[in-house]
Every structure is written in C-alpha cells, then in structure tokens.
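*Asks:* Mind looking at a prediction? Sequence and model below.
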Amino acid sequence: MKIWVKKILAKTRVKKKLGSQTWVKKKRIAIKRVAAFLAVLELFSLAIPQAAFAAEKSETIYANLGYNGEVTAIYAVNAFEEGENIVDYGEYTEVKNLSNTAPISSAGGKVTAQRADGVFYYQGVLASKTLPWNIEIERRLNGKPVTETELAGASGDFELRIRIKEGDPKAKSFYDNYFLQISLSLSKDIFTNIQAEGASVNVVGKTASISWMQAMGGESEYVLTANAKGIEMSSIQIRAASMGSLGLNLDIDGTELGEMDELVDGVATLNENTIKLADGSKEFSDGLGELSSKSGEFADSMNTLYQSAKKLDSASVAFGTGISATVAGVSTLREGVTKLNDAAKLISAGSSQYQEQLKAFATGVQTLAQASDSISQGMDSFSQKVSAIPKPNDALAAYATNLAQGEDPTQKALAMAFLEQSKALAEIQGGLGQLNGSISEFNTQMQVASASGEKIVAGYASLDNPIQQLAAGLAQLSESLESFGSSGATLESSYGQLKSGISATITALGQINTAVADELVPGIDTLAEAYEAIDEGCAKLSEAIETLDENVAKLPDEIQQKIQEFADEHLPSNDGIVSFVSTKNEVSSVLFVLQTEEIIKPATVKTTSTEERTPQTFFERFLNLFGLFKPQ
C-alpha cells in the first residue's frame with residue numbers, strides 16, 4: 001500500500017524543490033487525502049458492520065499466543081447470513097453453537113447444523129496451530145531476556161521486541177495480502193519514558209495505547225522500551241485484515257476526486273501569480289541596479305552633511321563665547337546703570353529742589369525790583385527836596401570865610417559851621433545826584449534781572465522734564481537689565497543644551513556617514529548582485545510552475561487511473577477470497593485476531609484461557625477485535 005502511494009506521488013511530482021512552496025504543500029493535501037482514503041479502507045475497514053458483508057459466510061480467526069509468541073490455540077468463529085441447513089468444512093477438535101441451543105456436529109472435516117432465523121454463529125477449535133505469520137516475542141529486563149515468572153512484578157529497564165515473519169507456506173496468500181495492526185496498552189503508573197519507534201502512541205488518562213501498522217508481506221521487527229516498576233501488562237493484540245476479504249467494491253468516479261479541481265485551479269492561479277512575481281522581480285532587480293548606482297551620490301551627500309555639521313559645531317563654539325561675553329557685558333552694564341540710576345534719582349530730587357529755589361529767587365528779584373523802583377522814586381523826591389534848599393550865595397560864602405578868619409571866636413565858630421554846612425550840603429546834593437543815577441541804573445538792572453529770573457524759571461521747568469524722563473528711563477533700563485540678567489543665565493543654559501544636541505547630532509551623523517560608506521553602499525551593491533540570482537531563480541520558478549500547471553491538469557485522470565489499477569489488483573471478487581479453515585468453504589471475509597496472555601503479579605494471578613471464558617456474542621467479539629470490549 002505505502003509503495004503504491006509513493007508511486008502515485010512520484011509520477012505526479014514535477015520538481016522536488018517545489019515542495020518548499022507553502023501553497024503547493026497545502027494543495028498537496030488533496031493528493032494525500034486520496035492516499036489516506038485508500039489507507040483507511042485498507043487498515044480500518046474492520047469497523048464496517050456485519051450487515052455490509054456481501055457473501056453468505058465470514059470467518060474470524062482467534063489465536064491465543066504464548067509468552068514468546070508461540071500459538072497455543074486457534075479458534076474460528078463462523079457467521080452465516082443465508083441458507084437453511086448449515087454445511088461447513090474444517091478440521092476442528094471441538095465445535096460450539098453460539099447462536100442457540102440446537103445441536104451441531106463435526107465429523108470427517110465436515111460441520112453440519114440446523115440454523116434458525118437471523119445470523120448463525122458457531123465456534124470451532126482448529127486442530128492446526130499454524131498461522132500465516134510466525135510471531136516471535138522477546139522481553140528483556142536490564143538488557144537480559146527474562147521469563148514470564150521473572151518479569152511479573154519486577155522493575156527495571158524494560159524492552160519488548162516483536163518480530164513478524166512468514167509462517168505457514170500454505171497460507172501465503174494471507175501473508176502477502178493482509179495488513180497487520182500490532183497494539184498494546186501500558187499503565188503510566190507502571191511504565192514511564194515509553195519509546196516506540198514507528199508507533200502511534202495515544203495517552204488517555206493513565207493509559208498509553210501503542211499501535212504499529214504493517215503493510216502486506218515482508219518481515220518486520222517492532223521495539224518498545226520503557227522504565228518499569230512492578231511490571232504488569234495487558235495482552236498484546238495483533239489484528240489482520242484485507243480489503244478484499246471484506247468483499248468491498250471501490251467505485252471511483254469524478255465525485256471522489258472533487259477536491260482535485262481545486263488543486264488544478266489553484267495551481268493555475270499559482271502559475272499566473274508566479275508570472276507576476278517574475279515580472280515584479282525583474283522590476284525590483286532593475287530598481288536595485290539603479291539604487292546601487294545612486295548610492296555613491298547618496299554617500300557623498302551624507303559626507304557633505306557631516307562636514308557641514310562639524311562646521312556648525314565650530315560656529316556654535318564662537319556663538320557660545322559671544323553669549324558668555326554678552327552676558328558678562330550686560331552684568332557690567334547693569335552695575336553701571338544701577339549706579340547711574342541712583343545718581344539720576346538724586347539729580348531728579350535736586351532738580352526739583354533747585355526749581356523751587358529758582359522760583360523763590362525769581363520772586364525775590366521781583367520784590368527787589370519793586371523795592372528798587374520805590375527807592376528810586378523816594379530818591380527823586382528827596383533829591384528834589386534837597387535841591388530846594390537854597391545854596392549860600394558867593395557873597396555870603398565869602399563873608400563867612402572872612403568871619404572864619406576873624407578873631408572873634410563866636411563869629412569864627414559860626415562862620416566855620418556855616419562853611420562846613422554849606423560844604424556838606426553841596427556834597428549831599430552832589431552825592432544825591434550820583435546816588436540817584438546809581439539807583440536809576442540799579443532799578444533798570446533789577447527790572448532786567450526780574451525778567452531774566454522769570455525766563456530762568458520757565459527755562460529750567462523745560463529742563464526739569466527731560467531730567468525726570470531720564471530718571472524714569474534709567475529706572476526702566478535698570479529693571480530690563482535685571483530681567484536680562486536672568487534671561488542671560490537661561491540663554492547660557494539653553495546654549496549648553498544646544499551644544500550637547502549639536503555634538504550628539506554630529507556623533508550620530510558620523511556613525512551614519514561611516515555606516516553609509518562602509519556598509520550601506522557595499523551592502524546595496526552586494527544585494528543588487530545577489531538579487532540577480534534571485535531574479536534568475538524567479539524566472540526558473542515561473543517556468544517550473546508552468547510545467548507544474550500542465551502536469552497537475554493531468555493529475556485527476558492519472559490518480560483515478562492508479563486508484564482503479566489498485567482496486568483491480570487488491571479488491572478481488574467474492575470468488576477470489578479463500579477460507580483459512582478449508583478451501584472447500586466459500587467466504588466473504590476472513591479476519592484474524594491474535595492475542596497473548598496478560599502479565600500479572602504472582603499474588604493476583606488470574607486464569608484468562610479462552611476455554612474458561614463465557615462465550616461472547618458476535619457484537620462483543622467484534623468490539624474485542626479492536627480492543628474496545630470490556631468484560632463485565
């Protein structure tokens with residue numbers, strides 16, 4: 001069976017490399033399902049109900065095997081569906097009616113019985129103890145062969161070997177055309193680290209079920225190893241069956257291979273997409289070539305950017321120095337402005353006081369001018385009065401002079417007094433004239449001074465406003481410089497961060513520049529060269545897929561033809577199925593169930609001989625055929 005499936009796949013496989021394509025793998029499921037369908041029919045058709053049998057009789061051969069695989073007894077359970085009187089053939093040492101209590105006889109290799117309604121079953125113990133297969137069973141513990149007595153309840157490294165060879169040459173048709181299933185169950189409480197190459201291991205709860213499948217013909221050996229403690233084992237069962245033995249007809253038509261249409265359509269779609277892939281790969285390859293030619297220009301641009309960044313770093317150093325100098329200058333300026341502001345405050349206050357003093361001075365000058373005018377007027381009046389005093393005439397003056405020169409003391413004294421008074425009066429009148437002139441000139445100057453004082457007051461008022469504005473401006477400038485002082489510190493801190501960022505950027509650009517020059521450009525060149533091979537591979541893949549598309553289109557017909565050939569070879573007609581018991585019997589199927597005895601601890605030894613068991617119904621034996629029957 002396995003060889004036949006391999007032949008089908010070998011003829012339909014286009015290229016081994018295409019098996020790596022995930023999509024193709026998925027579509028091959030259709031092929032595998034066809035093969036699996038055949039395998040299921042071959043290996044598991046034992047599960048088909050008895051009602052599916054086409055002929056009137058079937059045989060199920062049960063064989064008890066000893067510890068080493070030797071045959072201890074063979075039983076045949078025969079089932080009849082049609083006919084009234086049962087006539088069967090076989091060399092039995094004992095027969096038993098399993099359907100009713102009617103008598104059954106066996107003599108001279110001929111069995112007769114009166115059947116009732118329904119399916120009739122009888123069991124016969126065969127005289128022969130040979131089978132189509134020679135079964136050898138060997139059990140080892142810690143590397144040494146052990147007997148059943150030594151094995152039961154023992155512990156250690158357990159090894160089981162089952163060898164299957166050709167048995168009775170007379171039963172060669174069974175050996176060549178029957179599939180075998182070897183199975184056993186082990187308790188996980190007893191056996192651990194179970195290893196069974198080629199077996200199917202299914203663990204349910206604390207029970208591990210191990211099963212091997214053997215195709216038709218050929219010698220095989222099956223090995224199981226495990227760590228064991230307190231060994232107990234259930235029976236080893238070997239089941240054998242053939243599709244032909246069941247009389248099944250494998251009618252294959254187009255509907256059985258419906259999924260192959262999906263495969264054909266899928267491969268056609270794959271072919272179209274592969275063509276697109278090849279076209280896209282060509283465009284990508286051309287693009288890589290152009291990218292390779294432009295990568296040198298990119299590397300030059302990257303290097304220019306890197307050099308420019310280094311210049312930026314140098315400029316940033318000068319910029320940072322300027323910031324520090326500016327901040328230091330502003331600090332000095334701030335100190336000077338603070339002093340100037342303090343002086344401006346004093347000037348502003350002194351200017352206000354000076355303005356008030358100027359106003360008082362102007363008022364005093366006006367008062368003085370008014371007093372000078374009054375003095376001038378008084379002097380005019382006084383001068384007029386003085387001028388009104390009569391002056392001594394010359395004669396009187398001469399007379400007085402003569403008297404002053406006389407001898408008379410009284411006259412002399414009066415004359416001297418008169419002369420001195422006349423002289424004083426003349427001096428007063430002269431002095432009053434000069435004083436009156438000076439007062440007039442002073443009065444004129446006072447008027448000028450009064451006018452000038454008013455102008456000075458008015459002029460200084462216009463000068464005081466700029467002084468006050470200057471003081472206010474210096475105060476604002478001082479506040480601005482104070483604010484700039486904190487801003488300057490922030491600016492210096494921000495410049496530090498900027499400088500760090502520029503340095504990090506230059507370092508990164510340097511690494512990128514090196515990577516571009518040393519890795520990216522050579523890598524793109526290498527990629528462009530390497531992808532040329534990929535592009536060629538895509539083109540070859542497209543050609544291969546196109547071939548696959550052509551061959552897969554033929555696949556449904558080829559598979560159907562091979563299946564039909566297999567059916568013609570392995571599904572004989574009812575006339576081609578022979579009886580294991582006697583060539584005189586006509587049978588629809590022959591099934592084999594071989595079973596060893598259990599290995600149990602000495603303290604709990606049980607008798608499991610078939611002769612001492614309660615006879616099983618056909619349905620119970622059918623379940624037991626697959627290890628599903630559990631005695632009550």
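*Replies:* In hand now; what should we look at?

*Asks:* what about the helices in the stretch 201-350 of the chain?
*Replies:* Under the criterion DSSP state H, counting those that start in this stretch, the stretch 201-350 of the chain contains helices at 258-388.

*Asks:* how about low-confidence regions in it?
*Replies:* Applying pLDDT under 70 to the stretch 201-350 of the chain flags the ranges 243-260.

*Asks:* what about 90?
*Replies:* Within the stretch 201-350 of the chain, the segments meeting pLDDT under 90 span 214-218, 242-350.

*Asks:* now do the chain
*Replies:* For the chain, the ranges with pLDDT under 90 are 1-57, 81-86, 99-102, 114-119, 173, 214-218, 242-506, 508-577, 588, 601-632.

*Asks:* Helices along that one, start to end?
*Replies:* 2-12, 22-27, 29-44, 148-151, 172-177, 258-388, 394-404, 409-515, 521-570, 618-625 (DSSP state H).

*Asks:* For the shortest one, C-alpha coordinates in PDB please.
*Replies:* The C-alpha coordinates for helix 148-151 follow below in PDB (Å, rounded to 0.1, in the frame of the first residue of the first chain):
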ATOM      1  CA  GLU A 148       7.200 -14.700  32.400                       C
ATOM      2  CA  THR A 149       7.800 -15.600  36.100                       C
ATOM      3  CA  GLU A 150      10.900 -13.400  36.300                       C
ATOM      4  CA  LEU A 151       9.100 -10.400  34.600                       C
END
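
*Asks:* Which positions in that helix come out as buried?
*Replies:* Residues of helix 148-151 classed as buried by neighbour count (16 or more other Cβ atoms under 10 Å): residue 151. All C-beta atoms are positioned from the backbone trio N, CA, C, and that covers glycine.

*Asks:* Packing partners of it?
*Replies:* Applying 3 or more Cβ pairs under 8 Å, 6 or more residues apart in numbering; DSSP states H and E, one finds that helix 148-151 contacts strand 133-141.

*Asks:* could I get the strand it packs on in PDB with only the CA atoms?
*Replies:* Extracted in PDB, the C-alpha atoms of strand 133-141 (Å, rounded to 0.1, in the frame of the first residue of the first chain):
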ATOM      1  CA  TRP A 133       2.600 -15.300  10.300                       C
ATOM      2  CA  ASN A 134       5.300 -16.500  12.600                       C
ATOM      3  CA  ILE A 135       5.200 -14.300  15.700                       C
ATOM      4  CA  GLU A 136       8.300 -14.000  17.900                       C
ATOM      5  CA  ILE A 137       8.000 -12.000  21.200                       C
ATOM      6  CA  GLU A 138      11.100 -11.300  23.400                       C
ATOM      7  CA  ARG A 139      11.000  -9.400  26.700                       C
ATOM      8  CA  ARG A 140      14.200  -8.100  28.300                       C
ATOM      9  CA  LEU A 141      14.800  -6.500  31.700                       C
END
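
*Asks:* Ok, which of the helices of the chain comes nearest residue 91?
*Replies:* helix 172-177 (17.2 Å; Cβ to Cβ).

*Asks:* now what about the closest one, what contacts it?
*Replies:* With contacts defined as Cβ atoms under 8 Å, 6 or more residues apart in numbering, helix 172-177 is touched by 132-133, 166-167, 216-217, 240, 242, 244, 570, 578, 580, 590, 592.

*Asks:* what do you get if the cut-off is 6 Å, keeping everything else the same?
*Replies:* The contact list for helix 172-177 (Cβ atoms under 6 Å, 6 or more residues apart in numbering) reads 132, 166, 216-217, 242.

*Asks:* likewise stretch 290-310?
*Replies:* 506, 509, 513, 516-517, 521, 524-525, 528.

*Asks:* Buried residues in it, which are they?
*Replies:* Neighbour count says stretch 290-310 has 292, 295, 299, 302, 306, 309 buried, by 16+ other Cβ under 10 Å.

*Asks:* What of stretch 139-146?
*Replies:* 139-141, 146.

*Asks:* can you check stretch 530-539 too?
*Replies:* Buried residues in stretch 530-539 (16+ other Cβ under 10 Å): 531, 535, 538-539.

*Asks:* Same question for stretch 536-550.
*Replies:* Neighbour-count burial for stretch 536-550 flags 538-539, 541-542, 544-546, 548-549 (criterion: 16+ other Cβ under 10 Å).

*Asks:* With stretch 507-516 instead?
*Replies:* 509, 513, 516.

*Asks:* Turn those residues into CSV, columns for distance to residue 469.
*Replies:* Shown next, in CSV, are the buried residues of stretch 507-516 (distance: Cβ to Cβ, whole Å):
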residue, distance to residue 469
509, 54
513, 60
516, 63
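
*Asks:* give me the number of residues near the spatially closest residue to residue 92 that is not a sequence neighbour?
*Replies:* Nearest residue to residue 92, sequence neighbours excluded (Cβ to Cβ, 6 or more residues apart in numbering): residue 124, at 3.7 Å. Burial of residue 124 is recorded as 23 neighbouring residues (other Cβ atoms under 10 Å).

*Asks:* Is it correct that residue 124 is in contact with residue 89?
*Replies:* No: the criterion here is Cβ atoms under 6 Å, and residue 124 misses it with residue 89 at 10.4 Å.

*Asks:* count of neighbours near residue 578?
*Replies:* The number of residues packed near residue 578 is 17, by other Cβ under 10 Å.

*Asks:* Ok, residue 167 next?
*Replies:* 17.

*Asks:* Tell me the bridge partners for the closest residue in space to it that isn't next to it in sequence.
*Replies:* Leaving aside its sequence neighbours, residue 167 sits nearest to residue 134 (Cβ to Cβ, 6+ apart; 4.3 Å). Beta-bridge partners for residue 134, by DSSP bridges, are residue 165.

*Asks:* neighbours of residue 134, just the number please.
*Replies:* 17.

*Asks:* Equivalent analysis for residue 368, please.
*Replies:* 17.

*Asks:* what's near enough to touch it?
*Replies:* Taking Cβ under 6 Å, 6+ apart, one finds residue 446 in contact with residue 368.

*Asks:* Out of the helices of the chain, which is closest to residue 75?
*Replies:* helix 618-625 (10.0 Å).

*Asks:* doesn't residue 596 make contact with residue 65?
*Replies:* Yes: counting by Cβ under 6 Å, residue 596 is a contact partner of residue 65 at 4.5 Å.

*Asks:* Those two: which has the busier surroundings?
*Replies:* Counted by other Cβ under 10 Å, residue 65 and residue 596 do not tie: residue 596 has more neighbours, with 25 against 21.

*Asks:* If anything else comes up later, I'll come back, but that's it for now.
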